[in-house]
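**Student:** From the sequence below, what's the structure:
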Amino acid sequence: MKRASAAGRGGRARPNKSASDAGEGGLVVATHGRHVVVETDEGQRLICHPRGKKSEAVVGDRVRWEHTLEGGDEGVIINVAERKNLLYRQDEWRSKSFAANLDQLLMWIAVEPVFSEAQLTRALIAARSADIPATIVLNKTDLPGTPTARERLAPYVAMGYPVVEISLKQDTEAARAQMEPLLGGRATLVLGPSGAGKSTLINTLLPNARAEVGEISQALNSGRHTTTSSLWYWLDDTRQGAVIDSPGFQEFGLHHIAPTELQRLMPDIAAHMNDCRFHNCTHRQEPGCAVQAAVAKGEISEMRLSLYTALFDELSQPRW
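**Tutor:** From the prediction side, this is the model:
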C-alpha cells in the first residue's frame, strides 16, 4: 500500500533533509499526548518521543526514528515524512488530527442513535477538502427506522457518495462479506458518532483487536485513556490493508476552511454554483442565484442549503 506523510497542521511540512535518511523507518500506529507507538518495518512496536516539546506525528505517518541515548525499547522521532493527506478538525482554538495518508474514509452512522446530518456534512466536507474519498455506511438496518434514515441519505446518494447498508449484529457474516472487499488493500479511517457500531466492526473483522489495544495501553501506561486517540489495525498478516479506529466525536470544527470554499466542497451546491449571475454569489440572498433556484425546483434539499448557510455564517465570524 502506497503511503507518504508530512508534519504539521494542514498536511504539509518542510522535510528535514538532514534527517530524512537517518535512523530507521516506521509507521505511527497510535498516539497519546507527546508519545507515539511506532511499528518498525520488521513489525515490532515501540514507544517513541519527539525531539522537541511538541509531537507532530499522527497515526498513519511514516517516520524515521532512532533509539534513545539510554538504549532500551524506546526511541526518538527524528523526521516525519511528507504526507499525501491529513484528516483533521479545527475549532477556534485548536486542531485535532484523526489520521494521515488515508486511502478512504468510512463515515459510519446508524439508524439508531439517529445520526446528525450536520456532523455528517462537516466530516464529508473535511474529507473532500483533504482529497480523501468517502463512503457512508448505514448500520443497524434491521431496525424500523431504516426507511427514514434511507430517505435522509437520498441527497448524498444523488451527489455520488456510495452508501452501504448493513446490519452488523443481525447478520454478521453478510456484513463481513460486504465490508471486506471495501477495506482490502486500503488504509481506511472509520469515523462516526459513539453508539453507531464502530467497535463492533473492529471486533468482528479483527478478533485480536482487544489484545492490541491492551498492549498499546500497557506500553503507553495510559489504560483506558488510549481510546481517545486513533488506533491502526492491520486487516491481516500481509499488512496490505488497515482500518484506523477513531474516537467518537460531538463537535467537528471546520475553521481551517474558508467560507468561500464551502460551495466547492458540497457537491450539490457545486453543481449549480457556476450558473449564478454573480461569480462571487454566496447563495443566500443574491438575485439570479442558481443554487436558490435549484432548491425551489427540488434539485437541492432545503436541509442542505440550511446546512451550507449555517456553516458559511459560522466560518465568516471574525477570529480574535
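
**Student:** Going by C-alpha atoms from here, please, whenever you check contacts or count neighbours.
**Tutor:** Fine.

**Student:** all strands in the chain, in order from the N-terminus.
**Tutor:** Listed in chain order, the strands of the chain (DSSP state E) span 24-32, 35-40, 45-50, 62-67, 74-80, 86-90, 95-100, 104-110, 134-139, 163-165, 187-191, 231-234, 242-245.

**Student:** in its sheet, what does the third one sit against?
**Tutor:** For strand 45-50, the paired strands and their directions (DSSP bridges) read strand 35-40 (antiparallel), strand 74-80 (parallel).

**Student:** got it, and the fourth one?
**Tutor:** Here strand 62-67 has these sheet partners by DSSP bridges: strand 24-32 (antiparallel), strand 74-80 (antiparallel).

**Student:** Any chance of JSON lines for these, columns distance to Ser129?
**Tutor:** Listed next are those as JSON lines, based on distance: least, Cα to Cα, whole Å:
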{"stretch": "strand 24-32", "distance to Ser129": "23"}
{"stretch": "strand 74-80", "distance to Ser129": "22"}
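
**Student:** Of those strands, which is nearest Glu112?
**Tutor:** Glu112 lies closest, by Cα to Cα, to one member of those: strand 24-32, at 29.1 Å.

**Student:** now that closest one and strand 95-100, what's the angle there?
**Tutor:** In terms of direction (axes from the mean of the first three to the mean of the last three Cα atoms, to 10 degrees), strand 24-32 departs from strand 95-100 by 130 degrees.

**Student:** Touching strand 24-32 from outside, list them.
**Tutor:** Strand 24-32 is contacted from outside by 36-41, 57-66, 216, 220, 222, 226, 229-233, using Cα atoms under 8 Å, 6 or more residues apart in numbering.

**Student:** For Lys2, give me the pLDDT.
**Tutor:** The score at Lys2 is 33. That number is its pLDDT.

**Student:** what does Ala118 give?
**Tutor:** At Ala118, the pLDDT value in this model is 95.

**Student:** got the contact list for stretch 192-204?
**Tutor:** Residues contacting stretch 192-204 (Cα under 8 Å, 6+ apart): 107-110, 112-113, 115, 139, 168-169, 172, 176, 190-191, 209-210, 245-250.

**Student:** returning to that earlier point: let me have the strands paired with strand 62-67 in TSV, adding mean neighbour count, mean pLDDT and distance to Tyr308 as columns.
**Tutor:** Compiled in TSV, the strands paired with strand 62-67 are given as follows (neighbours: other Cα atoms under 10 Å; pLDDT from 0 to 100; distance: least, Cα to Cα, whole Å):
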stretch	mean neighbour count	mean pLDDT	distance to Tyr308
strand 24-32	23	92	33
strand 74-80	24	92	35
